[in-house]
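Q: Pasting the sequence and the predicted coordinates here, then a few questions.
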Amino acid sequence: MPRKITLKDVAERAGVGSATVDRVINERGNVSKEISRRVLRVARELGLKRMLPGHYRRTIRIEVILARPELPLIARMRHEFQRLTATLDSSILIHRTILKDEKAKTIAEALRKTTCDAVIVYMRADPMIQEAVAALHARDIPVVTLISDVPKSDRIAYAGPDHYMSGRTAGYFIASMASAPGPIAILCNMRGLQSHDDRIRGISAFLKEKAKDFSIRAIIEGGDDRDRSETLLRRLFRENRDIVAVYNVGAANLAVAAAIRADILDARPVFVGHELTQFSAGLLAEGIMSLAIDQCPELQARLAVNHILRHFDFADMGQDIDLYDTKPLQVVLYGPENLPEIPQF
């Protein structure tokens, strides 16, 4: 049996006397906030079996910055942060800022204007945005990225999946489900979004390594705009009627479905996309879409907040993800036979 942790153990590790530990644990006062935080941190690390006081916690205000509320993934992410707020300790406050566009200037200005203690943001790799993150870092305001990472920025952590592996997964299923090898069309928002670039790199690497009879015919940048994406896909289909699969790494799944329904191609293609929404669930049930790779916004929201709590040395506030787990989150694959109920936002 492991030895029981005592106040003396905490005192030795924290570099204080046992009487000081007793005053902190039993809230007797006359101890500085700095020493109190150190004692509580050591007590948690050692696993002291006592109800630890929480009044030394400061109120932490977290600003969540997302862009383009019309996109289904952003609507889901916004909803998940709203739900998460109700489960947190009262000393954790979450403010949601939803921007109308994802321009670098818009996101950079929102970052610089924050008055909160920490920021969770969906952003892309752009010098203007990275400078804004660096400015927050200089002000001791931690930034956590989600959905798409910018690893060369001054963010403290990334809460999201491995998009490269998602791209490889898409390649595997396309090669497995296509009736015959052939060219593949890829639709994305824009090159420069880490998540989209990594997915494209992932499928490209898989095809080169394990499905050499398949090739990428074209990569279309549709800006996650339905009309633009559909127009570009229809044009591509008319010029390349032998396309056997479409991989949409972005949000315009309805545009892909509309282009496929036009029956321009010689045969109906395999269609792999991302995110389980009411729209993609309907496309899966109809048979237009073959597979949806979902990045689990609810888990991203929880992990992003946990990174902030860890930074400020908070105890885990009841979240069901390990506070110290920084591994990329796992995706969930959905097809016509395992569709759950989709809530309306």
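A: Yep, it's here.
Q: Just the residues contacting stretch 175-187, thanks.
A: With contacts defined as Cβ atoms under 8 Å, 6 or more residues apart in numbering, stretch 175-187 is touched by 174, 200, 203, 206-207, 210-211, 213-220, 222, 229, 232-233, 236-237, 240, 242-250, 252, 255-256, 267, 269-270, 290-291. In short, each C-beta sits where N, CA and C put it, glycine included.
Q: Could you list which of those residues belong to strands?
A: 215-220, 245-248, 270, 291 (DSSP state E).
Q: Adding distance to Thr20, write these out as TSV.
A: Written out in TSV, the entries for those read as follows (distance: Cβ to Cβ, whole Å):
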residue	distance to Thr20
Ser215	68
Ile216	64
Arg217	69
Ala218	68
Ile219	62
Ile220	64
Ala245	66
Val246	65
Tyr247	60
Asn248	59
Val270	66
Leu291	58
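Q: any idea which of those residues has the most stuff around it?
A: Among the ones in strands among the contacts of stretch 175-187, Asn248 has the most neighbours (other Cβ atoms under 10 Å), with 31 neighbours.
Q: for it, which residues make a bridge with it?
A: Partner residues in beta bridges with Asn248, using DSSP bridges, are Leu187.
Q: Now do the contacts for it.
A: Counting by Cβ under 8 Å, 6+ apart, Asn248 touches 186-188, 256, 271-274.
Q: Is it possible to get JSON lines of the residues you listed that adds neighbour count, pLDDT and distance to His163?
A: Putting the contacts of Asn248 into JSON lines (neighbours: other Cβ atoms under 10 Å; pLDDT from 0 to 100; distance: Cβ to Cβ, whole Å) gives the following:
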{"residue": "Ile186", "neighbour count": "23", "pLDDT": "98", "distance to His163": "13"}
{"residue": "Leu187", "neighbour count": "28", "pLDDT": "98", "distance to His163": "15"}
{"residue": "Cys188", "neighbour count": "25", "pLDDT": "97", "distance to His163": "11"}
{"residue": "Val256", "neighbour count": "27", "pLDDT": "98", "distance to His163": "19"}
{"residue": "Phe271", "neighbour count": "26", "pLDDT": "98", "distance to His163": "19"}
{"residue": "Val272", "neighbour count": "28", "pLDDT": "98", "distance to His163": "14"}
{"residue": "Gly273", "neighbour count": "28", "pLDDT": "98", "distance to His163": "14"}
{"residue": "His274", "neighbour count": "25", "pLDDT": "98", "distance to His163": "9"}
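Q: Phi first, then psi, for Pro69.
A: Summarising the backbone geometry of Pro69 under the convention degrees, to the nearest 10, its torsions are phi -60, psi -20.
Q: Let me see the backbone angles for the closest residue to it other than its chain neighbours.
A: When the adjacent residues along the chain are set aside, Pro69 lies closest to Ile98, with 4.8 Å between them (Cβ to Cβ, 6 or more residues apart in numbering). In this entry, Ile98 is assigned phi and psi values of phi -110, psi 110 (degrees, to the nearest 10).
Q: how much space between Ile98 and Asp225?
A: Separation of Ile98 from Asp225 (Cβ to Cβ, to the nearest Å) stands at 18 Å.
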